[in-house]
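Trainee: Sequence isn't available, so here's the structure alone:
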């Protein structure tokens, strides 16, 4: 049962409840990654061209999908605050408006998927066969986008009312179904045509819609959700405006983060295939480790928002401190595993000696990178519990894109090349100057972002103390 935000819990009680909410969210996040892993593994055994087409098309789709997903995720703090305020029927109305918004965003934002040449113009000389496969992949995945975003509305509701296990179960089942459909459609089993990358996108579209319908079935057949009187209704400006007010900067933050790492990969490729491979090892590992603070952040934000909704700001602060404590403990464990298992991790990613050397040099910066990333992630989500998203968005845009990406380019490939050599030698010994500078400036920008977000959070807390 959801905790009573008016009563609260002890510090240890908060830790236990955050963990109870976070682990299903973490499983769901890992399940989401599994789709891309399955596509890569299976297409890697089908055709190099299809694998390249999938990689390009997926990067385009994820950029669009993650940005729009951030807008829909505004439902989490909104519904969680309403839960704390005991305005249960309002939760049902906001959820219905979230479905309308998801449909609209998928149709408007998804239109960019139908014009792949705009994106591929930044990718240099891509073979015509690959371009054709990318176009087909994106046309098919366009069909999946409405279902993907509407399922995010289901996910947001379940998370906000502290029932994340239902979504986790759907995500786990979807992995099995995705693997089966991939096998059937990519390779053409049982007389079906071998579709390659088009088969991968087709399976994603089918599974996305089945996940959404499964989510709907659970919501309308589980007695717990009847109290919210879930209804679609007609689009209402008041509700849509409130979702967008919080959702646009949240979606912007999501987009900034994914774009920064996308462009880092493009810049790292300037130093050659081996450097690009080493960069990809660190980037992929950082993404996997990021799932833990992300899950803790979402769980902490939902619980804190519920406390804010009940006007128990002292309890909201206690939850925030507990969530930050857990995330730092988790970061410490993750960093220790990476440092102790570094040779095995590199071996799992690559058998190429040159890529392994560069990856080993870059992984030295992982402790600083993961600590900074964990801290800024957690505090961003804690601020969203108070419906504060614009300040994090501005800070992340200026620091991650300005200081991090632009600074990394300047010191790694521009007029400032070589200026960071002492830091290169300390934090990424033996790594090429370009990719090293990118990761150093990325880590520095995340660290500064975390500091200013922390300062802003305490500003918010000082304002709320008068209500304690």
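Mentor: Cool, got the structure. Keep in mind that this is a model prediction, so the values were computed, not measured. Numbering: from 1, shown residues only.

Trainee: Please work out which helix or strand belonging to this protein has the smallest mean pLDDT.
Mentor: Across the helices and strands of the chain, mean confidence by mean pLDDT, DSSP states H and E is lowest for helix 116-120: a mean of 67.

Trainee: any idea which helix or strand comes after it?
Mentor: helix 128-160 (DSSP states H and E).

Trainee: how about the longest helix anywhere in the chain: buried residues?
Mentor: Taking DSSP state H as the criterion, the chain has its longest helix at helix 273-309. Buried residues in helix 273-309, counted by 16 or more other Cβ atoms under 10 Å: 274-283, 285-286, 289-309. Backbone N, C-alpha and C define where each C-beta goes, glycine included.

Trainee: ok and that helix relative to helix 128-160, angle-wise?
Mentor: Counting by axes from the mean of the first three to the mean of the last three Cα atoms, to 10 degrees, helix 273-309 lies at 20 degrees to helix 128-160.

Trainee: distance of the residue of the chain positioned farthest from its centre from residue 425?
Mentor: Most distant from the centre of the chain: residue 191, at 37.5 Å, with distances by Cα atoms, centre = their mean. Shown here: residue 191 relative to residue 425, a distance of 60 Å by Cβ to Cβ, to the nearest Å.

Trainee: same question, residue 433
Mentor: Residue 433 is 10 Å from residue 425, by Cβ to Cβ.

Trainee: So which of the two has more stuff around it?
Mentor: Using other Cβ atoms under 10 Å as the criterion, residue 433 and residue 425 rank with residue 433 on top: 18 against 12.

Trainee: Just to check, the more buried one is in contact with residue 414?
Mentor: No. Using Cβ atoms under 8 Å, residue 433 is not in contact with residue 414, being 11.4 Å away.

Trainee: Now do the strands in the chain.
Mentor: With DSSP state E, there are no strands along the chain.

Trainee: what stretches of it score poorly on pLDDT?
Mentor: Scanning the chain for pLDDT under 70 picks out 1-9, 52, 55, 117-126.

Trainee: Give me the domain ranges for it.
Mentor: What automatic domain parsing lists as the domains of the chain is 15-235, 250-468.

Trainee: Which among those is found nearest to residue 244?
Mentor: domain 15-235 (7.1 Å; Cβ to Cβ).

Trainee: Straight-line length of the closest one, end to end?
Mentor: The straight-line separation of the ends of domain 15-235 (Cα to Cα, to the nearest Å) is 39 Å.

Trainee: burial count for residue 108?
Mentor: Number of residues near residue 108 (other Cβ under 10 Å) recorded here: 10.

Trainee: likewise the one 5 residues further on?
Mentor: Using other Cβ under 10 Å, residue 113 is surrounded by 25 other residues.

Trainee: Now do the contacts for it.
Mentor: 60-61, 64, 138-139, 141-142, 145 (Cβ atoms under 8 Å, 6 or more residues apart in numbering).

Trainee: any chance of those residues in TSV, with distance to residue 410 and neighbour count too?
Mentor: Formatted as TSV, the contacts of residue 113 follow (distance: Cβ to Cβ, whole Å; neighbours: other Cβ atoms under 10 Å):
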residue	distance to residue 410	neighbour count
60	27	21
61	30	22
64	29	23
138	33	24
139	38	15
141	35	25
142	37	20
145	36	23
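
Trainee: which non-adjacent residue is nearest residue 442?
Mentor: Closest residue to residue 442 apart from its sequence neighbours, by Cβ to Cβ, 6 or more residues apart in numbering: residue 404 at 4.6 Å.

Trainee: how close does the closest residue to residue 168 other than its chain neighbours get to residue 325?
Mentor: Of all residues not flanking residue 168 in the chain, residue 24 sits nearest, at 3.9 Å (Cβ to Cβ, 6+ apart). From residue 24 across to residue 325, the span is 20 Å (Cβ to Cβ).

Trainee: burial of the residue nearest to residue 168, as a residue count?
Mentor: Residues lying near residue 24 (other Cβ under 10 Å) number 22.

Trainee: Surely it is in contact with residue 162?
Mentor: No. Judged on Cβ under 8 Å, residue 24 makes no contact with residue 162 at a distance of 10.3 Å.

Trainee: Contact partners for residue 376?
Mentor: 396, 446-447, 449-450, 453.

Trainee: at 7 Å what do you get?
Mentor: 446, 449-450, 453 (Cβ atoms under 7 Å, 6 or more residues apart in numbering).

Trainee: for the residue nearest to it when sequence neighbours are not counted, what are its contacts?
Mentor: Counting by Cβ to Cβ, 6+ apart, the nearest residue to residue 376 once its immediate chain neighbours are dropped is residue 450, at 3.9 Å. Each residue near residue 450 by Cβ under 7 Å, 6+ apart is listed here: 372, 375-376, 379.

Trainee: what do you get if the cut-off is 10 Å, keeping everything else the same?
Mentor: 371-380, 395, 399 (Cβ atoms under 10 Å, 6 or more residues apart in numbering).

Trainee: got it, and residue 28?
Mentor: 155, 158-159, 164-165, 167-172, 174, 291, 295, 298.

Trainee: of all those, which two lie farthest apart?
Mentor: Across the contacts of residue 28, the longest distance by Cβ to Cβ is 18.9 Å; it joins 174 and 298.
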